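Novice: what follows is a predicted protein model with its sequence.
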Amino acid sequence: LVGVDLAQRMLELAESKGVYDELHCGDIVEYMDGKIDDASVDAVLSADVFIYIGDIGDVLKSCARVLKPGGRLSFTVEALEDGGEVRLLPCGRFGHSSSYIRELAARCGFEVQVERSVDALRHQGGVPVKGGLFVLRKA
């Protein structure tokens, strides 16, 4: 199990869990493109990460490259419900629309296996933040 994050603090928290084989500080696309062979990974999980990335096209392309055929990419996004594809929200995080995710998944060679609305992705200031959960399968 390999973890990648830009924030050293998050990596320290991850290390304290004692479940990771490796932890790396850096950009996820740079890490995958520089360190992971084609079609060598069974699954990629990205929970509460894409909210910090606007256009996730490069991430999905890299995931498609490193995943084995039939491999899964599971991730969450903050909901963008009032039109548009991707937008920086007032909270400082990015929202992604379901239609944007579906279109991008198809372009990158994924099938959408799971798409679920989540009423409380997390709480911010005591208020639930709506989001989405996706599981994509590499064709």
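Specialist: Done, it's in. These numbers were taken from a predicted model, which means no experiment stands behind them.
Novice: report the separation between V129 and C25.
Specialist: Per C-beta to C-beta, to the nearest Å, V129 is found 26 Å from C25. From N, CA and C alone the C-beta is placed, and that goes for glycine too.
Novice: now S98
Specialist: Taking C-beta to C-beta, one finds S98 at 31 Å from C25.
Novice: how about V4?
Specialist: Per C-beta to C-beta, V4 is found 8 Å from C25.
Novice: please apply the same query to E12.
Specialist: E12 sits 10 Å away from C25, going by C-beta to C-beta.
Novice: next one: the residue nearest the centre of the chain, what pLDDT does it get?
Specialist: Residue closest to the average C-alpha location in the chain (C-alpha atoms, centre = their mean): S46, at 3.7 Å. You'll see S46 listed with a pLDDT of 96.
Novice: which residues touch it?
Specialist: I28, V59, L73, S74, F75, T76 (C-beta atoms under 8 Å, 6 or more residues apart in numbering).
Novice: for F75, which residues are in contact?
Specialist: Applying C-beta under 8 Å, 6+ apart to F75 gives the contacts V44, L45, S46, A47, V49, F50, L133, F134.
Novice: centre of the chain to the top strand by length along the chain, how far?
Specialist: When the chain is parsed with DSSP state E, its longest strand is strand 110-124. Averaging C-alpha positions (C-alpha atoms, centre = their mean, to the nearest Å) puts strand 110-124 11 Å from its chain's average.
Novice: contacts for it next, please.
Specialist: Here strand 110-124 makes contact (C-beta under 8 Å, 6+ apart) with 48, 60, 64, 72-74, 76, 78-79, 91, 98, 101-102, 105, 128-139.
Novice: can you rerun that using 10 Å?
Specialist: 47-48, 51, 60, 63-64, 67, 70-74, 76-79, 81, 91, 93, 98, 101-102, 104-106, 127-139 (C-beta atoms under 10 Å, 6 or more residues apart in numbering).
Novice: can you name the farthest residue from the center of this structure?
Specialist: Outermost residue of the chain with respect to the C-alpha centroid, by C-alpha atoms, centre = their mean, is G126; its distance is 23.9 Å.
Novice: ok so, going back, just the contacts of strand 110-124: which are in strands?
Specialist: Counting by DSSP E, the part of these found in strands is 67, 70-74, 76-79, 127-138.
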